[in-house]
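In: What follows is a predicted structure for the sequence shown.
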Amino acid sequence: LTRPDAAPSEAPAFGFALHATDGTARRGTVTTAHGEIRTPAFMPVGTLGTVKCLYPEQVRATGADILLGNTYHLMLRPGAERVAGQGGLHRFMNWPHPILTDSGGFQVMSLAKLRKITEKGVTFQSHVDGSRHELTPERSLEIQGLLGSDIQMQLDECVALPADRREMERAMELSLRWAARSKAAFFGRRGHGLFGIVQGGDDEELRARSAAGLVEIGFDGYALGGLAVGEPQEVMFRVIEATAPALPADRPRYLMGVGTPQDILGGVARGIDMFDCVMPTRAGRHGLAYTRYGKVNLRNARHADDPRPLDAASDCPAARDWSRAYLHHLVRTGEALGAMLLTHVNVAYYQSLMAELRVAIETGRFAEVKAQIEADWARGDI
Ligand SMILES: CNc1nc2cc3c(=O)[nH]c(N)nc3c(CCO)c2[nH]1
């Protein structure tokens, strides 16, 4: 792995290598200035420069190669220039491995107040203190550069579904124009990549136009945006099936904001390489555990006298070394250790799922492993 303080000249060039495919499932490696990412990969979300309730080394020990940070949140607190002054986000949060930052557009639309979208960019009021801010494709990349993230995302406009076709077309075409401005503004230090984001809602023709437009501009990777915004799973899968084949096979494909273990399994099967979702971390803080046999709600009184760990076979200490009775007690009393242990359980489960899928694709057993995973989920936690 590259030293976190590697001088730009020593950093490896940004790249993607495809090692194996099994059907449309892909096994690859993304190379960045701060190290390699084994795909299919799940990125735990570290919105404010922390994966909530976990130490960075715990996150690393679960098998995570890359974290996600957010331009919107970090530009408001503590400020991009301040993070840069502290040596950048890797140093600031003591995570010397790859980081991907989202561009802020999605978070503005879902969090900020008084948002206004123009050709230039988006203006908004902070949800924290009401202060006014502007994000343009150029300023978003300037912020991501100050943070020092290894994979930077273009500023885009994501519309909630269902939406009418004109609205999806307008946002898709604006995002494409912003993609071109992002490419022009991106000063890609060695080992840092810029991803374009496919929009177009649930309309396959709009998605095809967006993908073709992005490929024409040329990016280091391509994200599928505008999904996991309220549409049924089968709509999401249909959009992936229509879009993935239109993207270059030799570039990473990132499905933004996805998802449940079931969404991820279906996304990997359809050719997606990278995922991010707040689900494992957020659920952990709410007493919900993800295990190989499905979800377990530790708030439920049925666990009050259960001496068993969540998963005795897990290599995650939080799933192995404490009883359900104890976890139930911590959740019911609102003890911080409850959120810490269940976040650890969930992030470790998501990483173990990705590791199992990577091996399955390498060994040509993806269909068989997928069926076994789905059978374990159906069996449920007993
Ligand atoms: C939870 N669902 C979700 N859908 C998304 C869709 C988008 C999108 O279309 N564009 C950008 N820039 N980010 C997105 C994000 C944040 C990723 O964590 C999404 N997150």
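Out: The structure has been received and is ready for your questions.
In: and the protein, which residues reach the ligand?
Out: Selection of the chain residues close to the ligand by Cβ under 6 Å from any ligand atom yields 102-103, 105-106, 153, 156, 158, 197, 225-229, 256-257, 276. From N, CA and C alone the C-beta is placed, and that goes for glycine too.
In: I'd like the list of those residues that fall within strands, please.
Out: D102, M153, I197, D276 (DSSP state E).
In: Count the residues that sit near the last one.
Out: Neighbourhood size, D276 [other Cβ atoms under 10 Å]: 24.
In: How about the second one?
Out: When neighbours are defined as other Cβ under 10 Å, M153 has 28 of them.
In: What ranges does the stretch 201-350 of the chain have for its strands?
Out: 221-224, 253-255, 274-277, 288-291, 294-297 (DSSP state E, counting those that start in this stretch).
In: ugh, wrong one, I meant the stretch 1-150 of the chain
Out: 15-22, 25-32, 35-39, 41-44, 67-70, 99-102, 113-117, 122-125, 132-135.
In: are any of the residues of the chain next to the ligand buried, and which?
Out: Neighbour-count burial (16 or more other Cβ atoms under 10 Å) applied to the residues of the chain next to the ligand gives 102-103, 105-106, 153, 156, 158, 197, 225-229, 256-257, 276.
In: pLDDT score assigned to G226?
Out: G226 is assigned 98 on the pLDDT scale.
In: Would you check that it makes contact with L206?
Out: No: using Cβ atoms under 8 Å, G226 makes no contact with L206, being 9.5 Å away.
In: Can you check which residues contact both of the two?
Out: M168, Q199, G200 (Cβ atoms under 8 Å, 6 or more residues apart in numbering).
In: if I pick the residue lying closest to the last one once chain neighbours are set aside, what's in contact with it?
Out: Nearest residue to G200, sequence neighbours excluded (Cβ to Cβ, 6 or more residues apart in numbering): L206, at 3.3 Å. L206 is in contact with R165, M168, E169, M172, Q199, G200, counting by Cβ under 8 Å, 6+ apart.
In: Which of those residues fall within helices?
Out: Of the contacts of L206, the ones assigned to helices by DSSP state H are R165, M168, E169, M172.
In: isn't the second one right up against R207?
Out: No: using Cβ under 8 Å, M168 makes no contact with R207, being 9.3 Å away.
In: any shared contact partners between these two?
Out: With Cβ under 8 Å, 6+ apart as the test, M168 and R207 both reach Q199, G200, G201.
In: tell me which of the residues you listed is nearest to F187?
Out: Using Cβ to Cβ, Q199 comes nearest to F187 of these, at 24.4 Å.
In: That closest one: neighbour count?
Out: By other Cβ under 10 Å, 31 other residues sit near Q199.
In: any idea how far it lies from V159?
Out: Counting by Cβ to Cβ, to the nearest Å, the gap from Q199 to V159 is 8 Å.
In: and for these two, which residues touch both?
Out: M168, A171, G226.
In: As a quick check, tell me the outermost residue of the chain.
Out: The centre of the chain is farthest from one residue, D305, which by Cα atoms, centre = their mean lies 36.2 Å away.
In: No further queries at this time; thank you.
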